[in-house]
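Q: next comes the sequence, and after it the predicted model I'd like to discuss.
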Amino acid sequence: MSTKARKSALVGRGGHTRLMSLLAIRMMFHDRAKLIGTLLGVVFATVLVNQQLGVFLGLLGKNTMFVDNAGADLWVVPPSTQTLQGGTPISLYTLNQARVAPGVAWAEPILFGTAIMQRPDGGSEPVTLVGIGLRHLAGGPWNLVAGDTEALRYPDTVIFEDSQREKLGGLNLGSERELNGHRVIVGGFTWGLNPFGPPYAFTRLETAREIIHTPEDQTTFVLIRVQPGADIAAVQRDLSARLPNALIVTRQQFHDSITWYLIRAQLGISFGTSTAFAVIVGFVIVSLSMFSAVVDNVREFGTLKATGATTFDLAKLLFIQALSYAFLGTTIGLFLVTRMSEGIRSPNLSLVLPPELFVGTYALMALLCVFASLLALWRVRNVEPGMVFR
């Protein structure tokens with residue numbers, strides 16, 4: 001084939017593609033009812049998928065935020081620990097061994113335990129009490145909206161969660177309450193520190209020991225910060241050799257352990273089922289809408305075949321329609337989800353919508369619509385060009 005002929009063939013193929021694209025868009029907007037119906041299917045799937053995954057990621061973040069914000073590179077936890085829950089106590093011998101290990105800048109104990117707050121009306125509410133050392137404030141409160149961490153230097157002072165003030169009996173700065181029968185003073189408030197269980201409350205290590213009755217030679221976890229420039233993995237291996245009866249994990253390893261534990265639990269099954277349901281419903285709506293559009297315009301497709309269009313040309317038309325539906329529906333759906341996220345944001349529940357989720361949604365909806373168009377393509381393949389002359 002000559003160079004001129006090859007160029008003509010390329011131009012012809014390019015012209016066919018542009019023509020199919022133009023026809024695809026015009027046919028989409030010609031039947032407004034089916035356009036709206038198909039877009040609603042994509043919008044429904046986009047909103048429900050992102051709403052479910054956004055809440056799921058938000059809940060995961062609520063339960064990993066302590067590990068992420070504790071300020072430690074390494075954690076010493078009881079063996080077989082998977083989540084941030086107090087298990088077998090760790091002896092202070094472990095803490096001392098960690099402090100003298102090469103590459104360790106500091107090591108601090110923290111206490112975890114459940115304490116019961118006595119309300120003025122006679123009721124009670126649980127809190128997750130965290131006892132911290134004051135030198136480095138490892139595992140200490142963050143997101144403070146009232147008060148200051150310096151208040152913890154005073155005995156019996158506790159920092160509570162702001163969103164739980166009314167639930168805990170109308171707390172204010174300086175309020176006096178009882179935790180496990182121990183008199184405490186409110187020294188400040190955090191915002192958004194609500195995990196699955198009771199909200200976090202922070203106090204100095206000595207006060208926590210008195211409230212949750214922990215012996216002085218025991219702690220729940222040990223938090224470690226490595227020296228600048230030190231190899232975290234090397235320090236971890238050295239500590240594992242020194243402390244064979246404890247589990248040494250990095251911050252990311254502990255984060256991942258909590259995440260996978262929650263995914264394997266009912267949380268992952270519940271949200272996974274809801275997300276799959278949204279995709280299936282969206283697929284069915286888009287498939288039926290596109291198939292119905294082909295049936296209603298079967299003579300037009302027959303005319304295209306009679307004028308020389310191949311099945312491949314018509315497939316391109318349907319795929320372009322599918323991608324257009326996916327782009328428009330996903331864009332509308334993501335807009336609605338972001339508005340929804342802003343509307344329901346609270347310290348107890350928030351939608352986490354990272355950019356990767358948006359990119360993944362566009363890809364998922366594109367695949368959904370392309371697969372849905374295969375049903376319509378099956379009908380187009382059986383269209384006979386001669387039907388336009390009947």
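A: Thanks, I have the structure now. Residues are numbered from 1 along each chain as shown.
Q: ok, the closest residue to residue 77 other than its chain neighbours - contacts?
A: Once its chain neighbours are removed from consideration, residue 77 has its nearest residue in residue 247; the separation is 5.0 Å (Cβ to Cβ, 6 or more residues apart in numbering). The C-beta positions use only the backbone N, C-alpha and C, and glycine is treated the same way. Residues near residue 247 by Cβ atoms under 8 Å, 6 or more residues apart in numbering: 76-81.
Q: send the alpha carbons of the helix or strand where residue 93 lies over as CSV?
A: Assessed by DSSP states H and E, residue 93 sits inside helix 92-99. Once side chains and other backbone atoms are set aside, the C-alpha atoms of helix 92-99 remain, and they are given as CSV (Å, rounded to 0.1, in the frame of the first residue of the first chain):
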residue,chain,number,x,y,z
LEU,A,92,8.7,-2.0,83.8
TYR,A,93,11.7,-4.3,83.2
THR,A,94,10.7,-4.1,79.6
LEU,A,95,10.6,-0.3,79.7
ASN,A,96,14.1,-0.2,81.2
GLN,A,97,15.5,-2.5,78.6
ALA,A,98,14.0,-0.4,75.9
ARG,A,99,15.5,2.8,77.3
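Q: what helices and strands are in contact with it?
A: strand 74-77, strand 104-118, strand 218-219, strand 221-226, helix 232-242 (3 or more Cβ pairs under 8 Å, 6 or more residues apart in numbering; DSSP states H and E).
Q: how about a cut-off of 6 Å?
A: Helices and strands in packing contact with helix 92-99 are listed as strand 104-118, strand 221-226; criterion 3 or more Cβ pairs under 6 Å, 6 or more residues apart in numbering; DSSP states H and E.
Q: which of the ones you listed is buried the deepest?
A: Comparing these by mean neighbour count (mean count of other Cβ atoms under 10 Å), strand 221-226 ranks first with a mean of 25.
Q: and the contacts of that one?
A: The contact list for strand 221-226 (Cβ atoms under 6 Å, 6 or more residues apart in numbering) reads 70, 72-77, 95, 98, 103-110, 138-139, 232, 235.
Q: what strands line up against it, and which way round?
A: Note on strand 221-226: by DSSP bridges, its sheet partners are strand 74-77 (antiparallel), strand 104-118 (antiparallel).
Q: tell me which residues are up against the last one.
A: By Cβ under 6 Å, 6+ apart, the residues outside strand 104-118 that reach it are 86, 95, 98-99, 124-127, 129, 131-133, 136, 138-139, 168, 177-180, 208, 211-212, 214, 219-225, 227.
Q: ok so, going back, switch the helices and strands packed on helix 92-99 over to a markdown table; also include mean pLDDT and distance to residue 49.
A: Conversion of those to a markdown table gives the following (pLDDT from 0 to 100; distance: least, Cβ to Cβ, whole Å):
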| stretch | mean pLDDT | distance to residue 49 |
| --- | --- | --- |
| strand 104-118 | 92 | 35 |
| strand 221-226 | 93 | 36 |
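Q: can I get these in a markdown table with distance to residue 172?
A: As requested, the helices and strands packed on helix 92-99 are arranged in a markdown table below (distance: least, Cβ to Cβ, whole Å):
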| stretch | distance to residue 172 |
| --- | --- |
| strand 104-118 | 14 |
| strand 221-226 | 31 |
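Q: looking at those, which is nearest to residue 332?
A: For the helices and strands packed on helix 92-99, proximity to residue 332 was assessed by Cβ to Cβ; strand 104-118 is nearest, at 45.0 Å.
Q: now the element after the closest one, going C-ward?
A: Following strand 104-118 in sequence order, the next helix or strand is strand 124-132 (DSSP H and E).
Q: got the phi and psi for residue 247?
A: Comment: the main-chain dihedrals of residue 247 come out as phi -110, psi 120, following degrees, to the nearest 10.
Q: how close does it sit to residue 233?
A: In this structure, residue 247 and residue 233 are separated by 15 Å, where distance is defined by Cβ to Cβ, to the nearest Å.
Q: quick revisit: please identify which pair of the contacts of residue 247 lies farthest apart.
A: Using Cβ to Cβ, those reach their maximum pairwise distance at 76 and 80, which is 13.7 Å.
Q: how near is residue 128 to residue 112?
A: Computed with Cβ to Cβ, the distance linking residue 128 and residue 112 is 7 Å.
Q: got it, and residue 276?
A: With distances defined as Cβ to Cβ, the gap from residue 276 to residue 112 amounts to 36 Å.
Q: and for residue 99?
A: When Cβ to Cβ is the yardstick, residue 99 and residue 112 sit 20 Å from each other.
Q: residue 49 contacts residue 278, doesn't it?
A: Yes. With contact taken as Cβ atoms under 6 Å, residue 49 and residue 278 are classed as touching, separated by 4.8 Å.
Q: who has more neighbours out of the two?
A: Between residue 49 and residue 278, residue 49 has the larger neighbour count (other Cβ atoms under 10 Å), namely 26 against 20.
Q: doesn't the more buried one lie inside a helix?
A: Yes. Residue 49: assigned to a helix according to DSSP: H, G, I helix; E, B strand; the rest coil.
Q: pLDDT score for it?
A: The predicted structure scores residue 49 at 84 on the pLDDT scale.
Q: retrieve the pLDDT associated with the residue nearest to residue 182 when sequence neighbours are not counted.
A: Setting aside the residues directly before and after it, residue 182 is nearest to residue 211 in space (Cβ to Cβ, 6+ apart), at 4.7 Å. Residue 211 carries a pLDDT score of 93 in this model.
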